Each structure stands twice: as structure tokens, then as C-alpha cells.
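*Asks:* With the input below, show me the fold.
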Amino acid sequence: MAHFLSLSPSSLPPLPHLKLAPKLLHPLPIPPLSKALNSNPNPNRPGRSISASASPEGIGALEKEPAPLTPPSPSPSPEELGVAESVAMLKAAAKTRRVPAAQVLAALAEIKKAKADPSGFFETLGGSESPGRTWMLIFTAQGGLEKGRYFPVTAVQRFDAAAKRIENGIYLGPIGYLTFEGNLSWKNRILAFIFKYINVKIGPFNSIQIRLNKEEREPTTKDPFFVWFYVDEEIAVAQGRGGGIAFWCRCRRIT
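*Replies:* Residues are numbered from 1 along each chain as shown. Now for the predicted structure:
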């Protein structure tokens, strides 16, 4: 160890002169654009080829575009608001029978004036299968809607859209009932009908059926009819051939 520490710089042999290779200073070669875009650095993993001719706009188009905004629903018109308020008024009248007649008449006038779309009236009125649906008469008015009143007794009508049958009855509890049965037809908003039978029941005795009409034909506007202005799942409004206007509420079938 002492021998090596005693060496002086003059005693060391001369070192050879080193030169840097100029080729190490040259820039690295750049491959063509098409080869660079389609190259896959990992051969074991499939890559996605991108066309060399793709522009920034084309590449941006691959991004998912935002969904269009849904426009807000239009506000109801004053007429629609008036009909909605009138319908609510009639439903309250059907439940309580305490809404003043003047307010009921005003509601009927508003609904008649609106002339709602009747496309779903018949099925709503008479159901999709027999025996149909039953409706209780609540209020009747004169054609001019100047006077009207709540109907004083239980009057129920049954409309059967599938069988095209109608039944109109007055029910007096244990005293008995009186019903009319027949055929009906529907066109647009007009329901025409012909009664063919009458059924009478008094007290505990069995009912009696009497035939009224033997003619077999489809009812027309020459027969009694109703023009319907409004029908939903709870109430219905119509005008009879004689001009009177009435409204009904949906009820259970009376047997």
C-alpha cells in the first residue's frame, strides 16, 4: 500500500488521447408519419390503427357529442286551465253535492265550450269488455244552462262499449227499480240508442220484463242520443237530444 501512495504524477505512463466519435452527435432518424401512427409498441397487445390523413377535426369527431337538451313543456293555455278548474269543480260536486248550482252551471258551460278531443271517450265510457261501466247521474240542467239541480233520486246508466248495449235505471232501494235496456251506436262524440226492454221490480217480488221494440237495427241520430263533451275515469258530461245537459260520476254497478 505504501508503494502505491509514493507514486508521483511524473512517474505515471502517458495516457492515450481520446476522440469523441462524430456520429454520436447526429440527430436520430424520424420514421414516416404513416408508420409512426400505425406502429404498436407492444406486439402482444392489439393496437388501433389511425389513418395518417386524419385531420384534427376528424379525430375530434370520434369524441361523443353531448345529447341535445329537451325543450321545456309548453305552458297550458287559459282554455286548458279553465277546463281543468271546471272538471275539479264537478268532481267536488259529485262527492259532496254541496257546490252551488250556479258554479256547477258555469263549469258545465266552460267544458261544453272547450269541445275536448273525443277520441278516447267511448272506451272510457263503456270499458273494453262486458258488462261495461256504470255512471250515476249527478246534475241536470236546461239547454241554456240558466237553471239546473242535483238529481234527487238514484239514476244509473250502464254503457257497454264491447257489446254496444245500454241500460238506464231508476233505483229506489227496497221499494224497487225501473230499468230500460237496448242497443247503442257511437260516432265521433254522439252516442245514439234504442231501448228494447223495460224491467220493473216492486218490493220483494220478482222483476218483470216487457219488450218495447222488436225492430233490429243500429241506432241513428233520428233516435234518442247524447253528445259527449267530456269523459274521464271519474266524470262525464253530455247533452241530450232535447237540449238538456247533465253530468255523471263513475260508480259501482247496482244489481
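*Asks:* Just the mean pLDDT for stretch 184-193, thanks.
*Replies:* For stretch 184-193, mean pLDDT is 97.
*Asks:* Just the terminal-to-terminal distance for it.
*Replies:* 4 Å (C-alpha to C-alpha, to the nearest Å).
*Asks:* Name the surrounding residues that touch that stretch.
*Replies:* 118, 121-122, 125, 159, 161, 164-166, 182-183, 194, 218-221, 223-229, 238 (C-beta atoms under 8 Å, 6 or more residues apart in numbering). C-betas here are computed from N, CA, C, even on glycine.
*Asks:* Buried subset of those as a PyMOL selection?
*Replies:* Buried members of those, defined by 16 or more other C-beta atoms under 10 Å, are picked up in PyMOL with:
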select buried, resi 118+121+122+125+159+161+164+165+166+182+183+194+219+223+224+225+226+227+228+229+238
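*Asks:* Tell me which of the contacts of stretch 184-193 fall in helices.
*Replies:* Among the contacts of stretch 184-193, the subset assigned to helices under DSSP state H consists of 121, 122, 125.
*Asks:* Wait, the second one touches residue 160, no?
*Replies:* No. Here residue 122 lies out of contact with residue 160, judged by C-beta atoms under 8 Å, at a distance of 10.9 Å.
*Asks:* elements contacting whichever helix or strand residue 87 is part of?
*Replies:* Assigned by DSSP states H and E, residue 87 belongs to helix 78-96. When contacts are defined as 3 or more C-beta pairs under 8 Å, 6 or more residues apart in numbering; DSSP states H and E, helix 78-96 packs onto helix 101-114, strand 133-141, strand 235-240, strand 245-251.
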